[in-house]
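In: Quick one: sequence plus predicted model below, questions after.
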Amino acid sequence: MGDYVWFHDVSWHASYAVYFFVIGILAGLSFMSYGSWITPALRPLREKAAYGSIALLALGGVLLIADLSQPLRFLNILNPGYLNFSSPLAWGALNIVAFAVASVLYIMALQKGDEAKGKLLALVTALLALGLPVYTGFDLTVHQSRPVWNSPIIPVLFVAMAIASGSAVGSLLAMGNEEAQKVLRQYMLWSAGAVAVMLVSVMGTTNYGGSAAELTFMIMTTGTMGLLFIGVGFLAGSVAPAVLLFAPMGKSQAVLMVSALLILVGGAALRYVLLMAPQQLQTLF
Amino acid sequence: MSEELRVSPIETRGVTGKRRFAMVVDTRRCIGCMACQVACKAEYDTPLGVNRTWVPYKVVGKYPTVKKQFLPRLCNHCDDAPCVRNCPVEATFKVEDGGFILQRYERCIGCRSCMAACPYNARFMLPSHRSYTPITNVVDKCTFCFHRVTQNLVPACVQTCIGRSRVFGDINDPKSEVSYLVATNSTQVLRPEEGTKPHVFYIGADRNATEFGRDAYRQPEVMEQERSAFKRNFKI
């Protein structure tokens, strides 16, 4: 006992995982809102997704600022004299601000009914929204000493999870609309499948890494995070919805709703485990 | 040769005219008296439960031939420090002449990105309440006693080390004691695979102490009790 120092705590707590979850959903909703300009079946989602996205951005912003131990200094990150562009947090902050501005302009164009400007701003908003899961992924990826995090697939995984979560929320918002559900089923099916494949890939790489990577694999599979990661995140949140949606009964409303809920619960669990498990080991070094 | 090993422009290995302070810890001479830890606490009033330097140990062997292996730890003041790269507001920076990795408390936003980046777990969050200083709720770490070294003194932990286990000096100076020790002994650094090029060199460090063991998977319950008690009382 007492072999290692144990008071040096994990750096990022669960609130950061909630932030990841919220930012994933809002990015996904932005994609849906832009998709409504390309795919007419998604038209009923256009305003709902845009409003939902900006509401979640407000929540995410509060979470992010509250997570700082010096919340009143959050403006430091936007101070050009302080900005350090080698940190993904710096350009992530700029991305969030740009996304917020574009979202407000987009909603104003929607309210005015300006179709041309609306379509353009929807595209800009969606592109900036793509930056949100990418930057949160890079937030983790740049930490060279962390198993799982330090993998090029993490930003891509976060984008896939954003599409899955966004289309799941979109599916719940468009309940009863068969045309929209048909498109959203495809989004959920392929994004949940992609998440499952990427998780297998992440796990395979981690298990064959160095001793820290191997121990993290053990923590995530048979250790304290096993049930949450394998049970809730991987099996219930990625594999099960992909199988359910792929099956012949996958087109029914009930299956769609169950799959959407599973994707959301699984997405939350995955983000929590991906954030916390690689930190758990580090506190013991 | 030295120049060829530099990867990042931030590194000062072998740069003429630039000092590169390093510490050599001879674990064969460490008796685990914790005087370094106490000296550091006294120098900086580091709060209870967090440490700029600490001396973890492992009990190895089988009774009756057991012994404690000590591994004094501190910030490694890496030549290519990941915490410097990751700080979004440049609150963490490197002093080019000397290689100190320091923290601007007034600029730190407390995002803990530097803590996540450090492979050595050498950074910590200062608690929300302290008795003698208003520096709270920001990330802190060892400074290699920058304020002492710039006055031609050695760090407090080196000054107090009773076994002369810790030796400090400019490793870019071939005549310094640290250069001599590194050149004439087999030395180890912690987690060399991370490419951080640490400036803390160990002599006689055992792999039992420097590598992750299986203990990490089966975390002793007593650690969790201590950890949660600390978190409950310090709100970090």
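Out: Nice, I can see it.
In: Which single residue of chain B approaches chain A most closely?
Out: Using Cβ to the nearest Cβ, the single residue of chain B nearest to chain A is B:Gly110, 2.9 Å away. From N, CA and C alone the C-beta is placed, and that goes for glycine too.
In: A:Gly266 touches A:Ile230, doesn't it?
Out: No: A:Gly266 is beyond contact range of A:Ile230, at 11.0 Å (criterion: Cβ atoms under 8 Å).
In: Can you pull the phi and psi angles for the residue nearest to the residue of chain B closest to chain A when sequence neighbours are not counted?
Out: Closest residue to B:Gly110 apart from its sequence neighbours, by Cβ to Cβ, 6 or more residues apart in numbering or on different chains: A:Ser69 at 2.9 Å. Torsion angles at A:Ser69 (phi, psi; degrees, to the nearest 10) stand at phi -80, psi -10.
In: Which residue ranges of chain B form helices?
Out: Taking DSSP state H, the helices of chain B run over residues B:35-44, B:82-86, B:113-117, B:146-149, B:156-160, B:177-184, B:207-210, B:221-234.
In: Repeat that for chain A.
Out: Taking DSSP H as the criterion, chain A carries its helices at A:14-38, A:46-67, A:88-112, A:115-141, A:153-173, A:178-207, A:211-221, A:226, A:240-246, A:253-282.
In: Export those as JSON lines, with columns for mean neighbour count, mean pLDDT and distance to B:Val60.
Out: Compiled in JSON lines, these are given as follows (neighbours: other Cβ atoms under 10 Å in any protein chain shown; pLDDT from 0 to 100; distance: least, Cβ to Cβ, whole Å):
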{"stretch": "helix A:14-38", "mean neighbour count": "24", "mean pLDDT": "96", "distance to B:Val60": "36"}
{"stretch": "helix A:46-67", "mean neighbour count": "18", "mean pLDDT": "96", "distance to B:Val60": "40"}
{"stretch": "helix A:88-112", "mean neighbour count": "18", "mean pLDDT": "96", "distance to B:Val60": "41"}
{"stretch": "helix A:115-141", "mean neighbour count": "20", "mean pLDDT": "97", "distance to B:Val60": "35"}
{"stretch": "helix A:153-173", "mean neighbour count": "25", "mean pLDDT": "97", "distance to B:Val60": "37"}
{"stretch": "helix A:178-207", "mean neighbour count": "19", "mean pLDDT": "96", "distance to B:Val60": "28"}
{"stretch": "helix A:211-221", "mean neighbour count": "22", "mean pLDDT": "91", "distance to B:Val60": "18"}
{"stretch": "helix A:226", "mean neighbour count": "15", "mean pLDDT": "93", "distance to B:Val60": "30"}
{"stretch": "helix A:240-246", "mean neighbour count": "21", "mean pLDDT": "97", "distance to B:Val60": "47"}
{"stretch": "helix A:253-282", "mean neighbour count": "22", "mean pLDDT": "95", "distance to B:Val60": "21"}
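In: Out of the ones you listed, flag the one nearest chain B.
Out: helix A:88-112 (3.8 Å).
In: what's the burial count for the residue nearest to B:Asp45 when sequence neighbours are not counted?
Out: Distances taken as Cβ to Cβ, 6+ apart put B:Tyr132 closest to B:Asp45, at 5.5 Å, once the chain neighbours are dropped. B:Tyr132: 6 surrounding residues under other Cβ atoms under 10 Å in any protein chain shown.
In: How about A:Asp114?
Out: Around A:Asp114 there are 13 other residues, counting by other Cβ under 10 Å.
In: Can you tell me how far it is from A:Met32?
Out: Using Cβ to Cβ, to the nearest Å, A:Asp114 is found at 20 Å from A:Met32.
In: same thing with A:Val142?
Out: Going from A:Val142 to A:Met32 by Cβ to Cβ gives 29 Å.
In: just B:Cys78 next, same as before
Out: Computed with Cβ to Cβ, the distance linking B:Cys78 and A:Met32 is 44 Å.
In: Please apply the same query to A:Leu26.
Out: In this view, A:Leu26 and A:Met32 are 11 Å apart by Cβ to Cβ.
In: can you list residues touching both of those two?
Out: The contact sets of A:Leu26 and A:Met32 overlap at A:Gly166 (Cβ atoms under 8 Å, 6 or more residues apart in numbering or on different chains).
In: How about A:Leu199: what's its closest non-neighbour residue?
Out: Nearest residue to A:Leu199 in three dimensions, chain neighbours excluded: A:Phe234, at 5.4 Å (Cβ to Cβ, 6+ apart).
In: Please apply the same query to B:Asp170.
Out: Distances taken as Cβ to Cβ, 6+ apart put B:Arg19 closest to B:Asp170, at 4.5 Å, once the chain neighbours are dropped.
In: Show me which residues of the stretch 51-200 of chain A are close to chain B?
Out: Within reach of chain B by Cβ under 8 Å from any Cβ of the partner chain, the stretch 51-200 of chain A has these residues: A:67-70, A:73-74, A:76-77, A:79, A:82-84, A:86-87, A:89-90, A:93, A:139, A:142-146.
In: coming back round to it: out of the helices of chain A, which gets nearest to B:Trp54?
Out: helix A:253-282 (15.3 Å; Cβ to Cβ).
In: Can you pull out the low-pLDDT segments for chain B?
Out: Low-confidence segments of chain B (pLDDT under 70): B:1-3, B:213-227, B:229-231, B:233-236.
In: Quick one: the strands in it, in order.
Out: Using DSSP state E, the strands of chain B run over B:21-26, B:57-62, B:65-70, B:92-94, B:101-103, B:124-125, B:139-140, B:166-170, B:187-188, B:200-203.
In: Could you export these as JSON lines, including mean neighbour count?
Out: Shown next, in JSON lines, are these (neighbours: other Cβ atoms under 10 Å in any protein chain shown):
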{"stretch": "strand B:21-26", "mean neighbour count": "25"}
{"stretch": "strand B:57-62", "mean neighbour count": "13"}
{"stretch": "strand B:65-70", "mean neighbour count": "14"}
{"stretch": "strand B:92-94", "mean neighbour count": "22"}
{"stretch": "strand B:101-103", "mean neighbour count": "22"}
{"stretch": "strand B:124-125", "mean neighbour count": "22"}
{"stretch": "strand B:139-140", "mean neighbour count": "23"}
{"stretch": "strand B:166-170", "mean neighbour count": "22"}
{"stretch": "strand B:187-188", "mean neighbour count": "18"}
{"stretch": "strand B:200-203", "mean neighbour count": "23"}
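In: Mind putting the ones you listed into CSV with distance to A:Leu189?
Out: Listed next are those as CSV, based on distance: least, Cβ to Cβ, whole Å:
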stretch, distance to A:Leu189
strand B:21-26, 56
strand B:57-62, 51
strand B:65-70, 54
strand B:92-94, 44
strand B:101-103, 48
strand B:124-125, 43
strand B:139-140, 43
strand B:166-170, 60
strand B:187-188, 51
strand B:200-203, 52
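In: Looking at these, spot the one closest to A:Leu128.
Out: Among the strands of chain B, the nearest to A:Leu128 by Cβ to Cβ is strand B:92-94 (28.4 Å).
In: ok, back up a step: ChimeraX command to pick out the buried ones of the residues of the stretch 51-200 of chain A next to chain B?
Out: A single ChimeraX command is used to select the members of those judged buried by 16 or more other Cβ atoms under 10 Å in any protein chain shown:
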select /A:67,68,69,70,73,74,76,77,82,83,84,87,89,90,93,139,142,143,144,145,146
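In: Now do the contacts for the residue in the stretch 51-200 of chain A positioned nearest to chain B.
Out: Closest contact between the stretch 51-200 of chain A and chain B, by Cβ to the nearest Cβ, is at A:Ser69 (2.9 Å). Residues near A:Ser69 by Cβ under 8 Å, 6+ apart: B:Ile109, B:Gly110, B:Arg112, B:Met125, B:Asn137, B:Val138, B:Ile236.
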